[in-house]
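Participant: What shape does this take:
(one chain, ligands or ions: 1)
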Amino acid sequence: VRALYVILLHDPMVDKQQKIVTTAVTPIDLHDISRSCATYGVRQVFIAHPAIEMRKLIRNLLVHWESGFGAQYNPNRQEALSNIQLVSDLDEAIAKIDLELGVLPTLVATSAKDGGDRITFSHFRASYEGEEKPYLLMLGTGWGMANELLDRADLFLEPIKGPTPYNHLSVRSACAIMLDRIFGLR
Ligand code: SAM
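Facilitator: Numbering: from 1, shown residues only. From the prediction side, this is the model:
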């Protein structure tokens, strides 16, 4: 099966001083990422957080929009958020994909920084379209993913760049641009 999955990771990340940290969940990221993913046909969005309290908080938010008052108030948002699955880490998401499709996903890392052995968006798009297999697009938070996570990826996408040297996007904007580079106009 050809499928793209997205995972928003919060641990282990680095902070401003390159220290290893766990970041907090930003609710607007969930709303925006789930809408972008629903628009471009992403099979499932995993939100990974190691803290049970943080997962509970997200669960309450999802329940509000999926079946609570929010569902009647804004059915479009309900539809988009229904593609979200909560997990504790990357391995749980991989296990869920394996369970669903019987294949391990190819892990695709992302970062705003240059360096390393990077694959261009057009190259990635061509391999995605040319193969019947699942890919898991890894998105970071804070100041980006720790090397421990980056090192697990099979592919590392080039950073998104515009015509200026500045390229520090919010993760939700980065996600939307990546999806458009993978599935958008040609
Ligand atoms: N300096 C960090 C880095 O290099 O990843 C920025 C972290 S950013 C706030 C959070 C996440 O958004 C990143 O882990 C990456 O997934 C994504 N992101 C932000 N800007 C990006 C860019 N220009 N190119 C690719 N991904 C980007």
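Participant: From here on, just use CA atoms for contacts and neighbour counts.
Facilitator: Will do.
Participant: show me the contacts for Ala71.
Facilitator: By C-alpha atoms under 8 Å, 6 or more residues apart in numbering, the contact list for Ala71 reads His64, Trp65, Arg77, Gln78.
Participant: Which of the residues you listed fall in helices?
Facilitator: Among the contacts of Ala71, the members found in helices (DSSP state H) are His64, Trp65, Arg77, Gln78.
Participant: Run a quick neighbour tally on Arg54.
Facilitator: Careful, residue 54 is Met; it's not Arg. 14 (other C-alpha atoms under 10 Å).
Participant: For the chain, what lies in contact range of the ligand?
Facilitator: 110-113, 139-145, 159-161, 167-171, 174 (C-alpha under 6 Å from any ligand atom).
Participant: Please repeat the previous calculation with a cut-off of 5 Å.
Facilitator: Proximity of the chain to the ligand is confined to 110-113, 139-141, 143-144, 159-160, 167-171, 174 under the rule C-alpha under 5 Å from any ligand atom.
Participant: If any of these are buried, put those into a ChimeraX selection.
Facilitator: To isolate the buried ones among the residues of the chain next to the ligand in ChimeraX, judged by 16 or more other C-alpha atoms under 10 Å, type:
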select :110,111,112,139,140,141,143,144,159,160,171,174
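Participant: any chance of the contacts of Ala71 in TSV, plus neighbour count and pLDDT?
Facilitator: Compiled in TSV, the contacts of Ala71 are given as follows (neighbours: other C-alpha atoms under 10 Å; pLDDT from 0 to 100):
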residue	neighbour count	pLDDT
His64	15	82
Trp65	22	80
Arg77	18	74
Gln78	23	76
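Participant: Can you pick out the most distant pair from those residues?
Facilitator: Between any two of the contacts of Ala71, the greatest separation by C-alpha to C-alpha is 10.7 Å, found for His64 and Arg77.
Participant: Ala93: which element?
Facilitator: helix 90-101 (DSSP states H and E).
Participant: scratch that, Val108 is what I was asking about
Facilitator: Residue-wise, Val108 maps onto strand 106-109 under DSSP H and E.
Participant: next helix or strand past that strand?
Facilitator: helix 121-130.
Participant: Any buried residues in that following helix, and which?
Facilitator: Phe121, Phe124, Tyr128.
Participant: Among those residues, which one lies nearest to Leu104?
Facilitator: Using C-alpha to C-alpha, the buried residues of helix 121-130 come closest to Leu104 at Tyr128, 14.8 Å.
Participant: measure that closest one to the ligand for me?
Facilitator: Distance, Tyr128 to the ligand, using C-alpha to the nearest ligand atom, to the nearest Å: 18 Å.
Participant: No further queries at this time; thank you.
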